[in-house]
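A.B. asks: please find the sequence and the predicted model below.
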Amino acid sequence: MLLCIDCGNTNTVFSIWDGTQFLCTLRTSTEHQRTADQYYVWYSTLIEHHGIPADITDVIISSTVPRVVFNLRVFADRYFNTRPIVVGKAECLLPHDPRVDEGTAVGPDRLVNTAGAFDRHGGNLIVVDFGTATTFDVVAEDGAYIGGVIAPGVNLSLEALHMAAAALPHVDVTKPPAVIGTNTVACMQSGIFWGYVGLVRGISEQIRAEYDKPMKVIGTGGLASLFAQGDGLFDTIEDDLTMHGLTVIHAYNEENGAL
Ligand SMILES: Nc1ncnc2c1ncn2[C@@H]1O[C@H](COP(=O)(O)OP(=O)(O)O)[C@@H](O)[C@H]1O
Ligand SMILES: CC(C)(COP(=O)(O)O)[C@@H](O)C(=O)NCCC(=O)O
Ligand SMILES: [K+]
């Protein structure tokens, strides 16, 4: 079985792929001090709790935080006796190489989203990922990542508002009942929710105009389903897109003898 690890700047997600389906998905906060042993204590406790028959033979890692990769490699080696493939490293083949400015280190999460989305939908796509940052990944006709947009994440923007303004409280992201807020919290929620709806709609439209071919828009990441309520933003929402991309890249490496 394959253990897929997607480490973002906020959360690290583990998912076990049995070749047909994901058996479980475990989420922990991303902390660069966490050791291989700490990962295992957390992982094995939950696996046992859920009664998952997990016989891990392979591990694939995508991490937007370079510092955590060392301990995740040790974790794979010590507890599963396997050498993981790490997306973005030379050892990991990609179905399509990105076409970006020379010297650009594209976020591995974006390469993985690209591979996952192309596998499901073919080319000419915009993938919108609501993570710590809100990213737009443009997938060309042939499946290559050709660039995109990086905007501040939804929670990051709310947090910045709270930190910078003495009278603004900490609030949760939610869809407010109206655009015109009649109290402070409602005003902030409106600014964030409708602000991001406008951002996603506007940027998607501008990408489409620049790209000049019909494109599908796919939403993913923790908050995508909330923004799906902002009608017509996405053609589809796929919460498991990054995990699916990891299985696609793993299979590609296996087929091409890189494992
Ligand atoms: N279902 C959810 N509802 C509300 N907030 C969420 C949900 N899932 C994730 N978040 C928040 O969205 C932000 C991005 O989360 P995540 O997608 O895990 O980011 P990353 O991949 O960058 O680690 C975090 O601040 C997280 O707390
Ligand atoms: C843009 C990101 C911070 C998004 O990370 P996330 O929100 O998933 O934690 C990450 O993809 C990254 O560090 N990218 C490197 C720069 C680039 O992709 O061009
Ligand atoms: K992400």
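C.D. replies: Yep, that arrived. Ligands and ions are numbered 1, 2, ... in the order given.
A.B. asks: which residues touch Pro214?
C.D. replies: By C-beta atoms under 8 Å, 6 or more residues apart in numbering, the contact set of Pro214 is Asn124, Arg208. In short, each C-beta sits where N, CA and C put it, glycine included.
A.B. asks: ok, the closest residue to Val69 other than its chain neighbours to ligand 3 distance?
C.D. replies: Closest residue to Val69 apart from its sequence neighbours, by C-beta to C-beta, 6 or more residues apart in numbering: Ser63 at 5.2 Å. Using C-beta to the ion, to the nearest Å, we find Ser63 at a distance of 10 Å from ligand 3.
A.B. asks: ligand 1 versus Asp6, what's the distance?
C.D. replies: 7 Å (C-beta to the nearest ligand atom, to the nearest Å).
A.B. asks: would you agree Ile150 is in contact with Thr135?
C.D. replies: Yes - here Ile150 lies in contact with Thr135, judged by C-beta atoms under 8 Å, at a distance of 5.5 Å.
A.B. asks: give me the more crowded residue out of those two.
C.D. replies: Under the criterion of other C-beta atoms under 10 Å, the comparison of Ile150 against Thr135 puts Thr135 first, with 22 against 12.
A.B. asks: for that one, phi and psi?
C.D. replies: phi -110, psi 150 (degrees, to the nearest 10).
A.B. asks: and stretch 183-203, what's its mean pLDDT?
C.D. replies: The pLDDT scores in stretch 183-203 average 97.
A.B. asks: anything in it sitting right up against ligand 1?
C.D. replies: No - for a cut-off given as C-beta under 6 Å from any ligand atom, stretch 183-203 has no contacts with ligand 1; the smallest distance is 11.7 Å.
A.B. asks: what does stretch 92-110 give?
C.D. replies: No - judged by C-beta under 6 Å from any ligand atom, stretch 92-110 stays clear of ligand 1, getting no closer than 6.8 Å.
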